[in-house]
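In: I need the structure of the sequence given here:
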Amino acid sequence: MFTLDQRREVGAAARAFNLPEAHVLAVTEVESAGVIFATVKGEQRPLILFEPHIFYRRLKGAEREEAVALKLASERWDKTLYPAGQPARWAQLERAAEINRQAAYESASYGVGQVMGFHWKALGYASVFELVDRARSGLGGQVELMLRFVQQNNLTDELATGQWAPFARGYNGASYKANRYDEKMAAAAAKFGGLTSEPNGLLRMGSKGRRVRELQALLIRAGYTVKEDGDFGTTTKAALVAFQTARGLTPDGIYGPQTESALGELRQASDDRPGKQALTKLVDVQKGVGGGLGAGVTIAGAKEVLQDASYQVASLGVSLRILDYVQTGLTIAITGCAIAGLGYAAAGWWKSKQTVEA
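Out: All right, here's what the predicted structure looks like:
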């Protein structure tokens with residue numbers, strides 16, 4: 001895919017950030033899908049994607065109204081506003097720039113790393129226009145932009161050591177598995193002579209499940225703002241790094257023995273299980289019970305149905321002995337309907353107890 005000159009450009013950028021050339025080549029190949037430039041108006045330009053819903057947010061008043069009228073902005077994502085082909089996309093960006101130049105260039109992503117223009121300040125550029133100029137300067141500029149984004153988002157360690165699942169979780173988001181970004185990067189790294197770090201039992205970016213919820217609950221007790229969702233993402237890593245820094249530990253964002261011991265001081269008792277979920281609060285359990293008993297029917301609701309039926313039968317003067325038979329029959333009927341749902345619920349409960357390493 002890469003020419004010799006292109007590999008040299010990527011290698012120079014990798015060395016500038018003290019990263020393995022093979023790993024940077026791997027990410028560049030996967031993120032760009034093998035396409036580095038497009039010919040637009042007779043010149044080689046980086047690939048871009050203008051985002052009308054982002055442009056909408058960066059405009060106000062008459063500018064926003066004009067952009068919406070010209071189908072350059074939309075309150076929500078709209079697939080009909082994305083033209084095919086790079087010449088059309090650059091033309092779209094240039095039309096948007098006639099309304100508000102800065103907002104327009106901030107509303108597009110650039111280069112092999114698909115980095116949004118509005119990150120310009122966080123990435124250390126003097127303006128969004130400097131960011132765009134670097135992307136247009138060549139492959140080296142595009143890779144520089146991507147690696148600044150990696151650095152800013154604390155993903156350097158993951159990239160350097162070939163932790164592809166954690167890296168993809170941070171770079172591509174929570175749905176990275178759906179597109180197999182981690183697998184593709186690992187394969188590309190192997191092709192270029194790079195490494196893949198295997199899971200070692202420690203929690204890190206991309207891990208999921210019970211132990212991650214426990215970690216998040218302890219971080220909340222320590223005063224950090226994280227969501228207790230069992231998904232080790234960028235927010236959880238940032239909070240963990242902050243905790244490690246405050247405690248004088250290696251700020252690597254990995255939940256290792258020393259960090260676990262330090263956070264363990266926040267346990268309220270030896271049998272304390274932070275982050276433990278109540279059975280009836282598990283989404284899969286709720287779906288299983290609801291599906292087995294019927295739409296909108298819960299465990300408590302089924303109990304009310306039994307009681308109501310009992311009261312109605314009793315009002316007819318039926319003996320208590322017969323009433324017991326009726327209740328038993330209704331219970332058996334509902335239980336029979338619920339068996340499949342409870343099986344699904346049990347699977348959900350089991351799933352909640354597991355931890356998936358990255």
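
In: now do the same contact list for M146.
Out: Under the criterion of C-beta atoms under 8 Å, 6 or more residues apart in numbering, the contact list for M146 reads V27, T28, E31, G111, V112, G113, V115. Backbone N, C-alpha and C define where each C-beta goes, glycine included.

In: just curious, which of the residues you listed is nearest to F167?
Out: Ranked by distance to F167 (C-beta to C-beta), the contacts of M146 are led by V27 at 7.8 Å.

In: please tell me how far the closest one sits from L159.
Out: The gap separating V27 from L159 is 7 Å, by C-beta to C-beta, to the nearest Å.

In: just the helices in the stretch 51-200 of the chain please.
Out: With DSSP state H, counting those that start in this stretch, the ranges of helices along the stretch 51-200 of the chain come out as 52-57, 61-69, 86-97, 101-106, 128-136, 139-152, 156-161, 164-172, 181-191.

In: can you tell which of those is closest to G11?
Out: Each of the helices of the stretch 51-200 of the chain was scored for nearness to G11 using C-beta to C-beta, and the closest is helix 139-152 (9.4 Å).

In: what comes up buried for the closest one?
Out: Taking 16 or more other C-beta atoms under 10 Å as the basis for neighbour counts, the residues of helix 139-152 that come out buried are L139, G140, G141, Q142, V143, E144, L145, M146, L147, R148, F149, V150.

In: Serialize the residues you listed to CSV and add fields for pLDDT.
Out: Converted to CSV, the buried residues of helix 139-152 look like this (pLDDT from 0 to 100):
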residue, pLDDT
L139, 97
G140, 97
G141, 98
Q142, 98
V143, 98
E144, 98
L145, 98
M146, 98
L147, 98
R148, 98
F149, 98
V150, 97
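
In: can you list the weak-confidence ranges in the protein?
Out: Within the chain, the ranges that satisfy pLDDT under 70 run 278-358.

In: tell me the domain boundaries of it?
Out: Under the assignment automatic domain parsing, the domains of the chain span 4-191, 208-264, 279-355.

In: how about CSV for those domains, with distance to S197 added?
Out: Conversion of the domains of the chain to CSV gives the following (distance: least, C-beta to C-beta, whole Å):
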stretch, distance to S197
domain 4-191, 5
domain 208-264, 11
domain 279-355, 18
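
In: what is the burial count for A13?
Out: By the criterion of other C-beta atoms under 10 Å, A13 has 22 neighbours.

In: give me every residue that touches it.
Out: By C-beta under 8 Å, 6+ apart, the contact set of A13 is V24, G140, V143, E144, L147.

In: repeat the analysis, applying 6 Å as the threshold.
Out: Contacts here follow C-beta atoms under 6 Å, 6 or more residues apart in numbering; on that basis A13 touches G140, V143, E144.

In: dump the residue contacts of the last one.
Out: Each residue near E144 by C-beta under 6 Å, 6+ apart is listed here: A13.

In: now with 7 Å, please.
Out: Contacts of E144 were listed using C-beta atoms under 7 Å, 6 or more residues apart in numbering, and they are A13, R134.

In: please apply the same query to the second one.
Out: Applying C-beta under 7 Å, 6+ apart, one finds that V143 lies in contact with E9, V10, A13, V24, T28, V112.

In: rerun that using 10 Å as the cut-off
Out: Under the criterion of C-beta atoms under 10 Å, 6 or more residues apart in numbering, the neighbours of V143 are 6, 9-14, 16-17, 24-25, 27-28, 32, 36, 111-113, 134-135.

In: and those, which are buried?
Out: Neighbour-count burial (16+ other C-beta under 10 Å) applied to the contacts of V143 gives 6, 9-11, 13-14, 17, 24-25, 27-28, 32, 36, 111-113, 134-135.
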